[in-house]
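Student: coords please:
(2 chains)
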Amino acid sequence: MPESYPREHIEDLVDDNLEWNQLHNMMSDFKDADRFQKVRDVLQDRVDWDDPIIIPYADHLYVVAKSDTRWVIKCDCGHEFCEHDENWKTDALINVRDSEEEYLEIYPEDMHPHPEYMELREFFCPGCKTLLEVTNVMPGYPLVHEFEPDIETFYEEWIDEPIPAPEGQSA
Amino acid sequence: MSGYVMASSENNPSEHHNAEILSIDAGGTMTDTFLMDSNGEFTVGKAKTTPNDESRGFIRSSQDALEDWDLSVEEGFPNLVSTVYSGTAMLNRLVERESEVDVGILITGGMEDTPRMGRGRQSYTGYSYSDRLHVNTHKHPDPLIPRNQIRGVRERIDVKGNALVPLYEADVRDGVHDLLDQDVDHIVVMYLHSYKNGEHEQRTQEIAREIIDERGTDTSVMLSSEYYPTLKESERLNTVTAEAFAAEPSRDQLTNIQNSVDEQGGNVGVRVMASHGGTIDIHANELARTLISGPIGGMIGANYFGEQIGYDNLVCTDIGGTSFDMGVIIDNDWQIDYSPEMARLLLSLPMVNMESVGAGTGSYVRVNPTFDKIELGPESAGDQVGVSAVETDVETVTVTDCHVALGWIDPDNFLGGDMPIDRDVAEREIEEQVAEPLGMGVYEAAQGVIDILESKLQNDLEAVVTGEGYAPSNFKCLSYGGGGPVHTAGYTEDLGFDEVLIPEWAAGFSAFGCGAADYEYRYDQTTSIDIDADLSMEEAAATAGEELTTVWKNLEQKVEDEFKNSNIGRSEIDFQYNILGQYQGQLNSIDIESPVSRVDSPEKLERLIDTFEAEYRRTYSEEARSPELGHTVTQASVRGVRDVVKPEIPTEEKQGPAPPEDAFKDTREAYWDGEWMETQVYELHSLQPGNELTGPAVMEGAATTYALPPDCETYLDEHRVHHLRRTE
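Tutor: Purely as a prediction, here's the structure:
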């Protein structure tokens, strides 16, 4: 087990370009000590903005540091949603499929949920219109807040490193 | 290669040897030879495996072994009476999913994705325990045959063998043309429930052969109902496909090997080790059963050894560089696994049942950074031994390195001195990788590693014996494999076996086992024969009894046909009849060796049922018996055995308890349970029957080291088998 993988290997991991046996070996081994920071580095290099990524939040979404006290959820297109502990979905463009007709646009006949039981909510980025998330819930159900990251605990107690901050402002 | 000797031969080191038994194991890189003469002495040879023409590696490896006895191949081969070959080429085709041949499949319409979907279990079989546990490491293996070489045919046979939907012959024609357009070499036909009724498959074969004739290709057609008529379509299909894809291409290789034996003046048919525990001829119809993964040779050797010496019940333990393998022998028979996994595919082949865990002497030792504790394996350095083997590029400490550091293994005598070992390197690396991170001393840490391994092995062994409901006190534990004897005392402690036995030839025991295998064919067929409780024995014999007898006769014929391929007549074959039986409605069956070969009369059927009842009582207790439910026979099997020459187990005169002077090598300091103690070192192969030793002692052989801790003693019997005992 390497203590650390070469950067190209981590890039392949991020891009899902690893062979199954390579991926399997990585999962079966003890975790390489610098995995998180390496992945963060790769992701940071790929976005066009300079706000330091604190954590990857979901596909296309990150928590980034605007200052050393303010952290927001941001799409890779640059659109900023909300504070890191708020539900970004309330700021997203939402398409709701709750009729037979709308379901049939994407499902084969008789293969979709009953519209009165389940509706499909598709969340898009207002900036780049990328489909970010889909949930399938009962009509009337509140927007699910998937996850509220505990950034201080993660940085201080798990990886024991300073929380990234914009240049000149690091703690 | 260093020839070493199983039987004592104090002053006739290399006079005339009459090489009788040749057993060859062609691995991925090396071809190993085990050669035994008519006095039971043996030697080993090695050569590089030659994948393009395996017969060259075969001859070179034989030559290497024969040279130890100053014989050439031309001199040695004419005296051979038994030659057993086992290779990994077939298994490699499965593992790599690459074959010289293209295979097409005709399958019941609607089932075309069977190979792609496989079974849920296939997503984790063959993985380590933690990878089986975690869903993110599960993945369905690549199918053997791509989807575009699979064609559906509308037809349907139900579970009782009735044709619900007739065979759509036009589908067959389209499918065959389509597959022939893709230049397939074999067409495999697998329809649902064809083990029960093979008519649709047979008709398909007729049609396919007509088309093949018309088009003038030499494609073959293989039916699942003929090759492996057993329940479960995924396993059945995998197995027939493996036959076409992996086994058939080896036929030429095996023929080459036979030819080269013939050319060198040999007068012996080459046989191949098969998963059911016997050897079969290279001309056998069903060659896929020689796809063996795992070390069943040792089990066969143990069973033969038990039969010869009179030990009925044995627990077999085999430690190699990468794995610990365990198997149970009861009343001189092993258990059969009817659905073994190979190359991450479930197959429908009878295979000698063994449990295997990924822990051996080459297992890597690492400190888990999250929990600060020592973890072993599952990866290992295998035959690269460890960091102390300075000529290899191993970087992670292994269990063997710990043995070296503790003084149990002599650095100058590893594999008879063939592999240079540096004790300082072992100590330095253990210090750096294990001891320091944990804040322990080097020797304390090394001892800790051995303790963890041995208690793990002990737990695994307990699960196989006690966990299956057996009492260890009814068993003798047999320990072999190159890495076995150094750990035997540790992993058998407190388990309460009747006796613990270590054959002096532990390192060559698996190869010895291959040489001891019967010449045996075995055929199985799934059945669903009910013997209802309310029938009189006369009625049952006339219905169920007749039906089972017919199945047995068919299987018998198949065995006979296989032997006929090698010009062996029926009179030379010893038949044995087995069933899997259960009470009606149960889920699991038990394996019964039938006392009779026919059950078409009430007396005979009664004897079979009585045997089932006795076996059920032995397995589950008297209270669990439920004959009022009636019985079901779920599988019928026939085994046919023909006598072959087998290795001799040495029997020598006993000497006194004191070892001869020349057996004593040295004394050295070794670390036992927290203490450095002066330890006697003996030459393992120079000890005499009757000798007794008390620990701490180390006995060094050419390919193994037998460690005797302070509270243990050992006694070498007249068969050159060590009996290990605790002194208190």
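
Student: show me how far the lowest-mean-pLDDT helix or strand in chain A is from its chain's centre.
Tutor: Ranking every helix and strand in chain A by mean pLDDT, DSSP states H and E puts helix A:20-28 at the bottom, with a mean of 88. Taking C-alpha atoms, centre = their mean, to the nearest Å, the mean C-alpha location of helix A:20-28 is offset from the chain mean by 22 Å.

Student: run through who's touching the helix or strand just after that helix.
Tutor: Downstream of helix A:20-28, the next assigned helix or strand under DSSP states H and E is helix A:35-46. Identification of contacts with helix A:35-46 by C-beta atoms under 8 Å, 6 or more residues apart in numbering or on different chains yields A:4-5, A:7, A:10-11, A:13-14, A:32, A:52-53, A:55-56, A:62, A:76, A:159, A:161. For glycine as for every other residue, the C-beta is placed from the backbone atoms N, C-alpha and C.

Student: switch to 7 Å and redo it
Tutor: Contacts with helix A:35-46, where a contact means C-beta atoms under 7 Å, 6 or more residues apart in numbering or on different chains, come from A:Arg7, A:Ile10, A:Glu11, A:Val14, A:Pro52, A:Ile53, A:Pro56, A:Ile159.

Student: also stretch B:135-154?
Tutor: For stretch B:135-154, with C-beta under 7 Å, 6+ apart as the criterion, the contacting residues are A:20, A:24, A:27-28, B:97, B:102-112, B:115-116, B:118, B:122-124, B:127, B:131, B:165, B:168, B:171-172, B:175, B:178-179, B:182, B:184, B:204, B:241, B:245, B:344-345.

Student: pLDDT on it, on average?
Tutor: What stretch B:135-154 shows for mean pLDDT is 94.

Student: and the least confident helix or strand of chain A, anywhere near chain B?
Tutor: Yes - Helix A:20-28 comes into contact with chain B (C-beta under 7 Å from any C-beta of the partner chain), by way of A:Trp20, A:His24, A:Met27, A:Ser28.

Student: okay, domains of the chain per the record?
Tutor: All of this is about chain A. A:1-46, A:91-137 (automatic domain parsing).

Student: oops, wrong one, chain B.
Tutor: Per automatic domain parsing, the structural domains of chain B span B:1-97+B:249-273, B:101-236, B:363-454, B:518-642.

Student: wait, does the first one make contact with chain A?
Tutor: No - using C-beta under 7 Å from any C-beta, domain B:1-97+B:249-273 stays clear of chain A, coming no nearer than 11.6 Å.

Student: sheet partners, orientation included, of the longest strand belonging to chain B?
Tutor: When chain B is scanned for its longest strand (criterion: DSSP state E), the result is strand B:518-531. Counting by DSSP bridges, the strands paired with strand B:518-531 are strand B:278-281 (parallel), strand B:631-642 (antiparallel).

Student: C-terminal to the first one, what's the next element?
Tutor: Elements were assigned by DSSP H and E; along the chain past strand B:278-281, the next helix or strand is helix B:296-309.

Student: which SSE is immediately downstream of the helix or strand encompassing B:Thr31?
Tutor: Taking DSSP H and E as the criterion, B:Thr31 maps to strand B:30-37. Elements were assigned by DSSP H and E; along the chain past strand B:30-37, the next helix or strand is strand B:42-48.

Student: any idea which residue sits dead centre in the chain?
Tutor: No chain in the question, so chain A it is. With distances taken as C-alpha atoms, centre = their mean, the residue of chain A nearest its centroid is A:Ala58 (1.1 Å).

Student: meant chain B, my bad for not saying
Tutor: B:Ile296 (2.1 Å).

Student: just the pLDDT for that residue.
Tutor: Here the pLDDT value assigned to B:Ile296 is 84.

Student: please apply the same query to A:Lys89.
Tutor: Per-residue confidence (pLDDT) for A:Lys89: 96.

Student: where does the stretch 101-250 of chain B dip in pLDDT?
Tutor: Nowhere does the stretch 101-250 of chain B drop to pLDDT under 70.

Student: quick check: residues of it near chain A?
Tutor: By C-beta under 7 Å from any C-beta, the residues of the stretch 101-250 of chain B that approach chain A are B:Ser128, B:Asp131, B:Asn136, B:Thr137, B:Lys139.

Student: so which of these belong to helices?
Tutor: Among these, the ones falling in helices (DSSP state H) are B:Asp131.

Student: what's the ChimeraX syntax to select whichever of the residues of the stretch 101-250 of chain B next to chain A are buried?
Tutor: Selection of the buried residues among those in ChimeraX, burial being defined by 16 or more other C-beta atoms under 10 Å in any protein chain shown:
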select /B:131,137,139
